[in-house]
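Participant: Take this sequence and fold it.
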Amino acid sequence: MSVLLEFAMFPTSDNCREGSSVSKQVAKIIDAIDKSGVKYQLTPMGTVVETDTMQEALDVIALAYEQVKDCERVYSSLKFDIRYNSEDRLKNKIKSVEDKLQREVNK
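Facilitator: Predicted coordinates:
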């Protein structure tokens, strides 16, 4: 099973922000994910992780929250794409689209 999880998590309270920037807190989250060994991809609007189980994906959310738990208020948004009999979709989904684009260019 492959569980792709796209999520954004950041503090909205003044006690954890520097002006309008939340990059310091987001960096803490990304550092923790990186150290966990979970496959991930940082994007401008969030982070995508790939795990083998739903529980592992939920554990990533718990790990991320631990990094900002001292903040008065935290915003989170999550999306899941769960597929059986598939793996390495973090790379393969992008490769599939790029291959199709390349075929269109070569027509």
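Participant: can you dump the C-alpha coordinates of the helix ranked longest in the chain into CSV?
Facilitator: Of all the segments of type helix in the chain, defined by DSSP state H, the longest one is helix 89-105. Taking Å, rounded to 0.1, in the frame of the first residue of the first chain, the C-alpha atoms of helix 89-105 are listed here in CSV:
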residue,chain,number,x,y,z
ARG,A,89,4.5,7.2,-6.1
LEU,A,90,6.1,10.3,-4.8
LYS,A,91,8.4,10.1,-7.9
ASN,A,92,6.4,7.8,-10.2
LYS,A,93,3.3,10.0,-10.4
ILE,A,94,5.4,12.9,-11.6
LYS,A,95,7.4,10.7,-14.0
SER,A,96,4.2,9.4,-15.5
VAL,A,97,3.0,12.9,-16.3
GLU,A,98,6.4,14.0,-17.6
ASP,A,99,6.5,11.0,-19.9
LYS,A,100,3.1,11.8,-21.3
LEU,A,101,4.2,15.5,-21.8
GLN,A,102,7.3,14.3,-23.6
ARG,A,103,5.2,12.1,-26.0
GLU,A,104,3.0,15.1,-26.8
VAL,A,105,6.1,17.2,-27.6
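Participant: Which positions in it come out as buried?
Facilitator: By 16 or more other C-beta atoms under 10 Å, the buried positions in helix 89-105 come out as 89, 93. C-beta coordinates here come from the backbone N, C-alpha and C atoms, glycine included.
Participant: how far out from the middle of the chain is it?
Facilitator: Distance, stretch centre to chain centre, for helix 89-105: 20 Å (C-alpha atoms, centre = their mean, to the nearest Å).
Participant: Which residues does it contact?
Facilitator: 2, 4, 39-41, 48-50, 81, 83, 86 (C-beta atoms under 8 Å, 6 or more residues apart in numbering).
Participant: which stretches of the protein have low pLDDT?
Facilitator: Along the chain, no part satisfies pLDDT under 70.
Participant: Tell me which stretches of it form helices.
Facilitator: 23-36, 54-68, 89-105.
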